[in-house]
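Trainee: My questions are about this predicted structure, shown below with the sequence.
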Amino acid sequence: MKKFHEPSSKKNRGNGCSRNGLAKSETLLFLKTFLKNPSHVGALAPSSRSLADAMTDFPWLFEARTVVELGCGTGAITEAILQKIPPAANYLGIELDGRCIEHLRVRFPNRAFYHGSAAEMCKYLAEQGAGAPDVIISGLPWAVLPQEVQDAIISQVVQCLAPDGMFLTFAYVHARVLPRAQRLKRQLDHCFGEVKTSRTIWKNFPPAFYYLCNEPKVDNDWQE
Ligand SMILES: C[S@@+](CC[C@H](N)C(=O)[O-])C[C@H]1O[C@@H](n2cnc3c(N)ncnc32)[C@H](O)[C@@H]1O
């Protein structure tokens, strides 16, 4: 059984990351993306390095063969993932916003980014010829996503994830009481054998936590 939040040595493997002085414009790009489409973005600023590290500092990520990231934004969590996975591992990022996709392809030139919805994940994995992902990491704004989109994405996660794979998704502490956020927790509890809640990561704006889910139940009959 994989352990929850077991600390691992932090190595910068530098695989596929190129900063090229782009960092300064990222907060602005993120804010512009939010202003253009607040209901898709759901946050005013990219995730902090503290949140990205908390979600990626797992020994099993250092051994992953296929990793999928949903809702990459400007690449705050992407950078941490790519620094930790083995250089030969498959990485596939999925992002709905076209300007973020352009930015991600410049920032991480050797990695695959799909411009589309996380609800198409299984199709993109098949196109890339990748196996079932060992790890799926989500930065999606669940609290603002329509119910049918949330259902379609969770269904794809459960179908695509390897049977012993891990699914991680963050949420904001202040939004925990919102009906869609509470529905997501019920859905995760229904669709996975185990769901753990992390500590609060205070060094993030706004403060956040994440769920770590395993044992996907492919034949779940989720309805609500
Ligand atoms: C809260 S932001 C997080 C961005 C980044 N992961 C971070 O932590 O800074 C959510 C991102 O999810 C993207 N997004 C929203 N709905 C999506 C969908 N159905 N499929 C893929 N990406 C989506 C938005 O465009 C936005 O970039």
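Mentor: Good, I have the coordinates. Residues are numbered from 1 along each chain as shown.

Trainee: Around the ligand, which positions in the protein sit nearby?
Mentor: Applying CB under 6 Å from any ligand atom, we find that the chain lies next to the ligand at 40-43, 46-47, 70-73, 76-77, 94-97, 100, 117-119, 139-141, 149. From N, CA and C alone the C-beta is placed, and that goes for glycine too.

Trainee: Could you tell me which strand of the chain is the longest one?
Mentor: strand 208-216 (DSSP state E).

Trainee: low-scoring pLDDT stretches of this structure, where are they?
Mentor: Applying pLDDT under 70 to the chain picks out residues 1-24, 30, 34-35, 38-44.

Trainee: How about stretch 72-92, which residues are buried there?
Mentor: For stretch 72-92, the neighbour count (16 or more other CB atoms under 10 Å) marks 72-85, 89-92 as buried.

Trainee: whoops, stretch 198-206 was the one
Mentor: 198, 201, 204.

Trainee: Take the residues of the chain next to the ligand and keep only those in strands.
Mentor: Of the residues of the chain next to the ligand, the ones assigned to strands by DSSP E are 70, 94, 95.

Trainee: wait, which of the residues you listed is closest to residue 163?
Mentor: The nearest member of those to residue 163, counting by CB to CB, is residue 70 at 19.5 Å.

Trainee: Give the bridge partners for that closest one, please.
Mentor: Beta-bridge pairing for residue 70 (DSSP bridges): residue 94, residue 138.

Trainee: Can you give me the distance of it to residue 200?
Mentor: 22 Å (CB to CB, to the nearest Å).

Trainee: Residue 82 too?
Mentor: 26 Å.

Trainee: can you map out the strands along this protein?
Mentor: Along the chain, counting by DSSP E, strands occupy 66-70, 90-95, 112-115, 135-138, 166-172, 192-197, 208-216.

Trainee: Residues touching the fourth one, excluding its own?
Mentor: Contact with strand 135-138 is made by 55-56, 60-61, 64, 66-71, 77, 81, 118, 121, 157, 160-161, 165-170, as judged by CB atoms under 8 Å, 6 or more residues apart in numbering.
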